[in-house]
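>>> Let me see the structure of the following:
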Amino acid sequence: MAIILYELVGNRDSQPFSPHCWKVAFALAHKGLSFECRRTRFTEIPGIENGASKTVPVIRDGDLVMRDSFAIALYLEERYPDRASLFGGEGGKAMARFVERWSQLTLHSFIGQAAMLDIHDWLDAEDQAYFRQSREARFGKTLEEVSAGREEKLEAFRASLEPLRTLFWHQPFIGGEAPLFSDYIVAGAFQWARVSSPFPFLAADDPVADWFDRILDLHGGLGRRARAAA
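Here you go, the predicted model:
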């Protein structure tokens, strides 16, 4: 039986956009596991698996239900050890912990704010109301104020990618010659940006953009099945 992945969409079912859900989708494909996507809107999340989680991703693998992208990756590694490794050993797990924290602080903090209005605008009306209320409470300002000035902040964001950019002078993936879960952590953030917003987060000639193209081509072009925002 295929694993069920609950993933987040806006008002177009072909556009799953959550960075955390994309981490899990890439991880499942990396393991060569069959999975079925259940596309879920913000206001539908409380009904997943009888209230199993307040957030996505959530997976069901047989009788087991699990939440949290990193916990899911660890589970897949332990449950399916004969499949391609997501970590390449304990060192890879430790590296992925660091990469996830770096991604949250460096990528998510800018992308989430810069794309906030774009995300809001293609949600259903009910989800728009939830999104505006929850995000404005979180940031203490309007969505419009949160997204303001993204053009002026873009240069600093791109400069913050220099450690990642220079890594690709030496190897094609964060994991080395082949991708590991660390790659999918970072790719999830850029897929979130790609699907949610037409804003040019990456310059076309950036080595990070070349790496991201390689990720999108993996697993039969899994990442490209979601259209980029226009």
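
>>> all contacts plus neighbour counts: C-alpha atoms, from now on.
OK.

>>> For stretch 164-172, which outside residues touch it?
Stretch 164-172 has contacts (CA atoms under 8 Å, 6 or more residues apart in numbering) with I174, E177, A178, D206, P207, V208, W211.

>>> I'd like to know how far E145 sits from R97.
According to CA to CA, to the nearest Å, E145 stands 32 Å off from R97.

>>> cool, R67 as well?
For R67, the distance to R97 (CA to CA) stands at 17 Å.

>>> what's the answer for P172, then?
20 Å.

>>> Then P19?
On the measure of CA to CA, P19 and R97 end up 16 Å apart.

>>> And those two? Which one has more around it.
A side-by-side neighbour count of P19 and R97, using other CA atoms under 10 Å, places P19 first with 26 against 16.

>>> So that one sits against Q191, correct?
Yes - judged on CA atoms under 8 Å, P19 makes contact with Q191 at a distance of 6.6 Å.

>>> domain assignment for the protein?
With domains defined by automatic domain parsing, the chain comprises 3-79, 90-223.

>>> Now render those as CSV, adding distance to A230 and mean pLDDT.
Listed next are those as CSV, based on distance: least, CA to CA, whole Å; pLDDT from 0 to 100:
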stretch, distance to A230, mean pLDDT
domain 3-79, 12, 95
domain 90-223, 5, 97
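
>>> and those as JSON lines, adding distance to A229?
Shown next, in JSON lines, are the domains of the chain (distance: least, CA to CA, whole Å):
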{"stretch": "domain 3-79", "distance to A229": "9"}
{"stretch": "domain 90-223", "distance to A229": "5"}
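
>>> In the protein, what residue spans correspond to strands?
3-8, 35-40, 58-61, 64-67 (DSSP state E).

>>> which residues are contacting the third one?
Okay, so that is strand 58-61. A2, I3, I4, L5, Y6, E7, V65, M66, R67, D68, I72.

>>> In the sheet, which strands lie alongside it, parallel or antiparallel?
Using DSSP bridges, strand 58-61 pairs in its sheet with strand 3-8 (antiparallel), strand 64-67 (antiparallel).

>>> can you tell me how far M66 sits from A187?
Here the criterion is CA to CA. By it, M66 lies 22 Å from A187.

>>> Which residue of those two possesses the greater neighbour count?
A187 (25 against 17).

>>> who touches the more buried one in this structure?
So A187 contacts P19, K23, F212, I215 (CA under 8 Å, 6+ apart).

>>> Kindly recompute the last result at 10 Å.
19-20, 22-23, 26, 103, 181, 193, 208, 211-213, 215-216, 223 (CA atoms under 10 Å, 6 or more residues apart in numbering).

>>> same thing with A209?
R165, F190, F201, L202, A203, I215.

>>> S69 too?
Counting by CA under 10 Å, 6+ apart, S69 touches 19-25, 27, 56-59, 75, 185.

>>> Widest-spaced pair of those?
P19 and Y75 (18.7 Å; CA to CA).

>>> picking that back up, out of the strands of the chain, which is closest to L117?
Ranking these by proximity to L117 (CA to CA) places strand 3-8 first, at 16.8 Å.

>>> List the contacts of that closest one.
15-22, 24-25, 28, 33-42, 44-45, 48-49, 55-62, 64-67.

>>> try 7 Å
Contact with strand 3-8 is made by 16-18, 21, 34-42, 56-61, as judged by CA atoms under 7 Å, 6 or more residues apart in numbering.

>>> how far out from the middle of the chain is that strand?
For strand 3-8, the distance from its own C-alpha centre to the chain's C-alpha centre is 13 Å (CA atoms, centre = their mean, to the nearest Å).
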